[in-house]
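A.B. asks: Sequence and predicted structure are below.
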Amino acid sequence: MGSFQTRLKYSLIFSLALLFSGVAFADDATVTWAQLNDAQQQVLSPLASEWDTLRPWQREKMLDIARDYPKMDAAKQSLVQKRLNNWSRMTPYERDNARKSHQQFQSLSADKKAELRKKWKEYQKLPESERARLRAESPDVYKDAD
């Protein structure tokens, strides 16, 4: 009987040790800027000044991007850097609006998404003067253009 109790006690201690060991090791959400490796810091450099204030879910998302970055082709890497730079320059209000717009876009049907992508490509092909005219005529429609 003592053997069963001893095994149970050690099993409980081992289980607790495993449970609390997660607390001892920093997960992605709690990694500070200083704890990032050189490659992660290089990819995420636009966010350096604000990294330690990001929410846990934001850090995880950024670390996912940094992890996948080496597997991306040059064009995709360039796009990621452009987006990180743009994001780092946004105010919290602008970021919130960007998230809402993204969520709205994601909720659209595949056909509607394709239609909007087609219109966006057409808009991007316009000369800058024409795009400026459209933005001036309809600021609500083109508020986030370019």
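C.D. replies: Looks like it came in fine. Every value quoted in this text rests on a predicted model; they were computed, and no experiment measured them. Numbers count the residues shown, from 1 in each chain.

A.B. asks: mind checking how far Pro92 is from Pro56?
C.D. replies: Counting by CB to CB, to the nearest Å, the gap between Pro92 and Pro56 amounts to 17 Å. No exception for glycine: its C-beta is placed from N, CA and C like everyone else's.

A.B. asks: actually Val80, sorry about that
C.D. replies: The span separating Val80 from Pro56 equals 21 Å under the rule CB to CB.

A.B. asks: Settle it for me: which of these two has more neighbours?
C.D. replies: Taking other CB atoms under 10 Å, Val80 and Pro56 do not tie; Val80 has more neighbours (17 against 12).

A.B. asks: pretty sure that one contacts Arg67?
C.D. replies: No. With the criterion set as CB atoms under 8 Å, Val80 and Arg67 do not qualify as a contacting pair; they are 11.9 Å apart.

A.B. asks: and Lys103, what does it touch?
C.D. replies: Actually, residue 103 is Gln. It isn't Lys. Gln103 is in contact with no residue at all, counting by CB atoms under 8 Å, 6 or more residues apart in numbering.

A.B. asks: State the helix or strand in which it lies.
C.D. replies: Secondary structure here is read from DSSP states H and E; on that basis Gln103 sits in helix 92-106.

A.B. asks: Contacts only, for Ala114.
C.D. replies: Applying CB under 8 Å, 6+ apart, we find Ala114 in contact with no residue.

A.B. asks: ok, it to Met72 distance?
C.D. replies: If you measure Ala114 against Met72 using CB to CB, the figure is 24 Å.

A.B. asks: now the helix or strand where Ala75 lies against helix 92-106, angle please.
C.D. replies: When elements are defined using DSSP H and E, Ala75 is found to belong to helix 74-89. In terms of direction (axes from the mean of the first three to the mean of the last three CA atoms, to 10 degrees), helix 74-89 departs from helix 92-106 by 130 degrees.

A.B. asks: helices or strands next to helix 74-89 in the packing?
C.D. replies: Helix 74-89 sits against no helix or strand, with contacts defined as 3 or more CB pairs under 8 Å, 6 or more residues apart in numbering; DSSP states H and E.

A.B. asks: can you list contacts of that helix?
C.D. replies: Around helix 74-89, the neighbours that count as contacts under CB under 8 Å, 6+ apart are 43-44, 46-47, 49-50, 65, 69, 72, 95, 98.

A.B. asks: could you redo the last one with a cut-off of 10 Å?
C.D. replies: For helix 74-89, the external contacting residues (CB atoms under 10 Å, 6 or more residues apart in numbering) are 43-50, 62, 65-66, 68-73, 94-95, 98.
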